[in-house]
Structures are given as structure tokens and as C-alpha cells.
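**Q** just need the structure, nothing else, for what follows:
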Amino acid sequence: MGDFYLNTLMNEEEIDWTFFSPAGAFDNDGKRTGQFRLGKDDLIVDAQGNSHILVQDYAMAMVDELEQENHHQERFTIGY
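**A** From the prediction side, this is the model:
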């Protein structure tokens, strides 16, 4: 996917695209926290250097983006 992002989407000027990159690991257990950080092109890590996100928080951020359209022709990332 990285190759597609860099070589195709980054050069696209006629369509409005968004590329949502997940954290390094998904956690299926646990309840949604609603507390996470969003970034641009860099992997988001916690104080211990781990990159992770609950599936429920990832889904919440994805729906937020669909409704609010904050990112246009760019990638954004998520993590704790």
C-alpha cells in the first residue's frame, strides 16, 4: 500500500482522496476510549514506543473523518 500511496495518490490532483494509516497493532479487546492522537505521515507511538489502537477507536476516527472531512489529498495516522 505504501507504493500505491506514494506513487499514485500523491500525484493525483483531480480527485479528493484520503489515506488513513492505522497504528502498528490493532487491539480487539477493550472498550472504546475516545482518546487517541491523530497525525500525518509519522507512526504514532506511546511513551513506551509502542504503536497500537483499539479497533473501536480506529472505527470512531474513521467515521469522524467521513462526517467531518478534515483531511483532503493527504494521509493521516492514529495511535495512543
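**Q** got a list of contacts for the helix ranked longest in the chain?
**A** Under DSSP state H, the helix in the chain containing the largest number of residues is helix 55-68. Contact with helix 55-68 is made by 18, 20, 22-23, 26-28, 30-36, 38, 70-71, 76, 78, as judged by Cβ atoms under 8 Å, 6 or more residues apart in numbering. (Each C-beta comes from the backbone N, C-alpha and C, glycine too.)
**Q** that one: which residues count as buried?
**A** Going by neighbour count (16 or more other Cβ atoms under 10 Å), the buried part of helix 55-68 is 57-58, 60-61, 65.
**Q** turn those residues into CSV, including distance to residue 51 and pLDDT.
**A** Formatted as CSV, the buried residues of helix 55-68 follow (distance: Cβ to Cβ, whole Å; pLDDT from 0 to 100):
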residue, distance to residue 51, pLDDT
57, 13, 97
58, 12, 97
60, 18, 97
61, 15, 97
65, 19, 97
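**Q** which of those sits closest to residue 14?
**A** Lowest distance from residue 14 to those (Cβ to Cβ) belongs to residue 65, with 20.6 Å.
**Q** how near is the closest one to residue 72?
**A** The spacing between residue 65 and residue 72, counted by Cβ to Cβ, to the nearest Å, is 11 Å.
**Q** what ranges does the chain have for its helices?
**A** Taking DSSP H to define them, one finds helices in the chain at 2-7, 55-68.
**Q** pick out the shakiest of those, pLDDT-wise.
**A** Lowest mean pLDDT of the helices of the chain: helix 2-7, a mean of 75.
**Q** how about it as PDB, C-alpha atoms only?
**A** Taking Å, rounded to 0.1, in the frame of the first residue of the first chain, the C-alpha atoms of helix 2-7 are listed here in PDB:
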ATOM      1  CA  GLY A   2       2.900   2.300   0.600                       C
ATOM      2  CA  ASP A   3       3.900   2.200  -3.000                       C
ATOM      3  CA  PHE A   4       0.400   3.000  -4.100                       C
ATOM      4  CA  TYR A   5       0.200   5.900  -1.700                       C
ATOM      5  CA  LEU A   6       3.500   7.400  -2.700                       C
ATOM      6  CA  ASN A   7       3.400   6.800  -6.400                       C
END
